[in-house]
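1. sequence and predicted structure, then a few things I'm wondering about:
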Amino acid sequence: MKRFSIAVLPGDGIGPEVVRAAVEVLEAAASGFSLDCREYSVGAGEYLENGNPLPPETLEALKGHDAILLGAMGLPSVRWPNGVEMTPQIDLREELDLFQGVRPIRLFHPSHSPLKPEIAEGIDFVLMRENCEGLFAARKKGGSRTPEGATDVMRITRHGAERICRASFELARTRRRHLTLVDKANVLPSMAFFREVFDEVARGYPDVGTDRVYIDAMALFLVQDPRHFDVMVTENMFGDILSDLAAGLVGGMGMAPSADIGDRYAVFQPSHGSAPTIAGKNVANPVATILSAAMMLDWLGGEAAVSAARRIEAAVTKVLSNPEILTADLGGSTTTTGITDAIKAAL
Ligand code: ATP
């Protein structure tokens, strides 16, 4: 029987609660394979205790596991001297070269969306966010700060643009064969370059339809006609912002799973942050993390794991089709443990 070794990084804020829920669901779904989970301390809490949010020996140990399941990291009250928050989850993407930020957005029940049901029903798209360069590349190098001002740099390389575009076309081929490029090619030379590379890669995928939309227009179209979209690809910062907008269409951050995937390693985590104001109250929505765990099983692969992923998705779909079961973010009073138990029972 296949045994998968999983590194579990609960992290900060609501991270530990939602990860606990996901691990329980994974264990309930495991059949024909088993999971060997090992926890590591990473995040703002780890920094406060030992001075480094992502200790080098932990990073090395993570590379020895088959996959990494992460809760959420960072706390607004814990910052570096330059004023920015600790973001070891972003460091992990860069260190492990997890260039694909895969963010599926699916509406499970019309009542979850702030949009009218006739616009929202059937929302089902995937946002592909380039994870290792773009405007986030300036975090560590390329930007400048003096007492008079600060500059961040948008970095797009041919290698980085090509591989995220190719991964997005490949994903589109497994879905409705439509890919939308989201950029700002009318204003920024870096984005015009991204579009050129996209067009080159597109020539290798004549079976996939394409659109090119500016980021500002995309914010409008996502609200007006979200069902039009199948797969969309964009640079790092635009992807960060669109992820939150997209999550809002289907009920909020608690409904948005994600996977950060490279050629060798992969990290699975909800799209949301550590939401410290609701931490420890048993009210966080664990669905995003549970669906991220299902994405992990898909990525690990093999008949048993993939079938367990489908069973988890089916259980989530069944539970969320019941309008009585709603966590606080969706306007109800079902607790974190309550919805987790319902999903386990549905399994
Ligand atoms: P980050 O920058 O680290 O991604 P953020 O600033 O986008 O974090 P989040 O922590 O994701 O902020 O929270 C955004 C909002 O969504 C907050 O109001 C938070 O309480 C809510 N939220 C996030 N995750 C959940 C969840 N799992 N369940 C319920 N509400 C959530």
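-> Happy to help now that I have it. Numbers count the residues shown, from 1 in each chain.

2. so where's the stretch 151-300 of the chain uncertain?
-> Filtered on pLDDT under 70, the stretch 151-300 of the chain yields no residues whatsoever.

3. torsion angles phi and psi at the residue in the stretch 201-347 of the chain that the ligand sits nearest to?
-> Among the residues of the stretch 201-347 of the chain, Gly273 lies closest to the ligand, at 2.1 Å counting by Cβ to the nearest ligand atom. For every residue, glycine as well, the C-beta is placed using N, CA and C. The phi/psi pair for Gly273 (degrees, to the nearest 10) reads phi -90, psi -160.

4. change the start of the numbering to 27 and stick with it
-> Yep, numbering from 27; the last one is Gly299 now.

5. how close does the residue nearest to Gln295 when sequence neighbours are not counted get to the ligand?
-> In space, and not counting its chain neighbours, Gln295 is closest to Leu96: 3.9 Å by Cβ to Cβ, 6 or more residues apart in numbering. Taking Cβ to the nearest ligand atom, to the nearest Å as the measure, Leu96 falls 12 Å from the ligand.

6. quick one: strands adjacent to the helix or strand containing Leu96?
-> Element membership for Leu96, per DSSP states H and E: strand 93-98. Applying DSSP bridges to the sheet, strand 93-98 is found paired with strand 28-37 (parallel), strand 292-296 (parallel).

7. what is the burial count for the residue of the stretch 227-373 of the chain closest to the ligand?
-> A count of neighbours around Gly299, defined by other Cβ atoms under 10 Å, yields 21.

8. touching, it and Ala98? I think so.
-> Yes. Counting by Cβ atoms under 8 Å, Gly299 does reach Ala98; the two are 5.4 Å apart.

9. joint contacts of the two?
-> Gly39 (Cβ atoms under 8 Å, 6 or more residues apart in numbering).

10. run through who's touching the strand holding Leu96.
-> 30, 32-45, 48-49, 63, 68, 88, 115, 118, 291-296, 298-301, 315, 318-319, 322, 325-326.

11. same check, this time on stretch 105-117
-> 37, 68-70, 73, 79-80, 96, 98-102, 104, 162, 165, 171, 293, 295.
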